[in-house]
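Asker: model the structure of this input:
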Amino acid sequence: MSLFESLSVSASGMSAQRFRSELLAQNIANSETTRTDEGGPYKRQDAVFQSAGVTSPFASAFQNSLDGGGTGVAVSEVQIDDKEPIKRYIPGHPDADAKGYVSFPNFSPIEEMVDLTNASRSFGANVTAMNAVKDMISKSIDILRG
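Answerer: Numbering: from 1, shown residues only. You can find the predicted model right below:
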């Protein structure tokens, strides 16, 4: 794998974690939403990752020394949680049923925050990897100059 393909692998990881972070932030923001356009309470969403080939726009110059491309990551689908909602007795609530129960999303905002921290750290690890590759490219150019 060339250094440029390494950059593409890290970029794919950063893109996937950014998308996941957006979903997690949306989940946190809607953790108390009792009514959606689809009807019923908000349902948690999560990104499902799969491996994906990456190409580098710079790789063609170096392709003769490579056997294959790198493997990055991509979001294959957005999974919607199908857990039953949590029922709370709030008789005066506008979304209460005939018995006075309101359906709330069945997930923990605290777990979503932990997942968001994980996604943030994964994004940061990809930035660190990109910086290391960038430094290697810079050192290679310095060596070729001298």
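
Asker: give me the helices and strands touching the host helix or strand of residue 48, please.
Answerer: When secondary structure is defined using DSSP states H and E, the element that contains residue 48 is strand 45-54. Judged by 3 or more Cβ pairs under 8 Å, 6 or more residues apart in numbering; DSSP states H and E, strand 45-54 is in contact with helix 3-29, strand 70-80. (Each C-beta comes from the backbone N, C-alpha and C, glycine too.)

Asker: give the other helices and strands that the longest one contacts.
Answerer: Think helix 3-29. Applying 3+ Cβ pairs under 8 Å, 6+ apart, one finds that helix 3-29 makes contact with strand 45-54, strand 70-80, helix 109-145.

Asker: follow-up on the earlier one: format the helices and strands packed on strand 45-54 as TSV; extra columns: mean pLDDT.
Answerer: Rendered in TSV, the data for the helices and strands packed on strand 45-54 read as follows (pLDDT from 0 to 100):
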stretch	mean pLDDT
helix 3-29	93
strand 70-80	90
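
Asker: and residue 144, which of the ones you listed is closest to it?
Answerer: helix 3-29 (13.2 Å; Cβ to Cβ).

Asker: could you give the angle of that closest one to strand 70-80?
Answerer: With axes from the mean of the first three to the mean of the last three Cα atoms, to 10 degrees as the criterion, the two stretches helix 3-29 and strand 70-80 enclose an angle of 10 degrees.

Asker: list the buried residues for helix 3-29?
Answerer: If you call a residue buried by 16 or more other Cβ atoms under 10 Å, then helix 3-29 has these buried ones: 3-10, 12-17, 19-21, 23-24, 27-28.

Asker: contacts only, for the residue sitting nearest the centre point of the chain.
Answerer: In the chain, the C-alpha nearest the mean C-alpha coordinate belongs to residue 20, at 2.2 Å (Cα atoms, centre = their mean). Contact criterion Cβ atoms under 8 Å, 6 or more residues apart in numbering gives 46-47, 49, 75, 115, 119 as the residues in contact with residue 20.
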